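Chemist: okay, sequence plus prediction incoming.
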Amino acid sequence: MTPEDRILIAKYEDRVRQCSENSMITCTAFLDMRERSVISTHLAAQSEAKTVFYGVFEDAERTAAVMLPYYVDANDYPSVCRYFADNPDDNPLAVLEVEKDRLSKPLSHRDYLGALMALGIKREVTGDIIVSENGCRIAVLSHMADFIAENLCKAGRGSLKVKVVSPLSATASEKPTGIEDSFTVSSMRLDSIVKNAFNVSRTDACKAIESGVVFVNDAECLKADKKISGGDKIVFRRKGRITVEDCSGVSKKGRIIVIVKRFI
């Protein structure tokens, strides 16, 4: 465990204590997938903590660990969404709807992130940025939402209009659909799936897994030979993610037919 991991766990445990002692909802800052994996592993010894990873958008890569007191009847993403729909003032996260001017060129994820960094906004304050042709939606910590909305006026060469919207409407409208793809493999090893799904060499797939940038079902996986099954989600940081839809078919040459949905 690195010193940074110990600090992260200490911050998490402090939020757990605040939740328990004050009977109130608490949360961490936004976590990347590795940080989430660190806390998830630590949760095994923290059975008294009711923690849900929540990032507003379904299957968000960046999430906050939200600690829930005894009176909140929720223990997973759908039930937390329902609770916050009924109790919006309790939601520690908010969503910014960003509209760019119509004359400028389309802006990228990097453009919007760069504009946030230029305001002095730390990455841990913001979650996923869902980019569309005319703007984007950004998950943020709720206590920073108004400040960002008032000051985020420009990205790239485009001018922006920003408003705070209901996380509930964002959740409903931003469900990804994915693009179906298929390929064949000799075995359902993780390195083989990563190689074919993300169009990289076997060597690069193994290096990515060993370096900790590949996650299976939201947990960091360092084993190239891990067996993958139908329904598994695989995230390759900065490359995208896939879900394994089916792997029950066999080709004429005896190879396994893998059907995936690809999300970029």
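Modeler: Yes, it's here. Numbers count the residues shown, from 1 in each chain.
Chemist: wait, doesn't G55 sit right on L93?
Modeler: Yes: counting by CB atoms under 8 Å, G55 touches L93, with 7.5 Å between them. All C-beta atoms are positioned from the backbone trio N, CA, C, and that covers glycine.
Chemist: now the common contact residues for those two.
Modeler: With contacts defined as CB atoms under 8 Å, 6 or more residues apart in numbering, the residues shared by G55 and L93 are 64, 127, 139.
Chemist: wait, doesn't the second one sit right on R36?
Modeler: It refers to G127. No: taking CB under 8 Å as the definition, G127 is not a contact partner of R36, at 11.6 Å.
Chemist: where does the chain have its least confident helix or strand?
Modeler: Lowest on mean pLDDT, DSSP states H and E among the helices and strands of the chain sits helix 167-173, with a mean of 68.
Chemist: now the element after that helix, going C-ward?
Modeler: Next along the chain after helix 167-173, taking DSSP states H and E as the criterion, comes strand 179-185.
Chemist: avg pLDDT for the next helix or strand after that next one?
Modeler: If you walk from strand 179-185 toward the C-terminus, the next helix or strand you reach (DSSP H and E) is helix 190-197. Helix 190-197 comes out with an average pLDDT of 96.
Chemist: tell me how many other residues crowd K154.
Modeler: Counted with other CB atoms under 10 Å, the neighbours of K154 add up to 15.
Chemist: tell me where the stretch 1-150 of the chain has helices.
Modeler: 3-22, 33-43, 77-86, 109-118, 142-151 (DSSP state H, counting those that start in this stretch).
Chemist: would you turn these into a markdown table with mean neighbour count?
Modeler: Listed next are the helices of the stretch 1-150 of the chain as a markdown table, based on neighbours: other CB atoms under 10 Å:
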| stretch | mean neighbour count |
| --- | --- |
| helix 3-22 | 15 |
| helix 33-43 | 19 |
| helix 77-86 | 16 |
| helix 109-118 | 17 |
| helix 142-151 | 16 |
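Chemist: ok, back up a step: and which of the shared contacts of G55 and L93 is nearest to K233?
Modeler: The shortest approach to K233 among these belongs to G127, at 17.6 Å (CB to CB).
Chemist: ok, and the closest non-adjacent residue to the closest one?
Modeler: Distances taken as CB to CB, 6 or more residues apart in numbering put A139 closest to G127, at 3.2 Å, once the chain neighbours are dropped.
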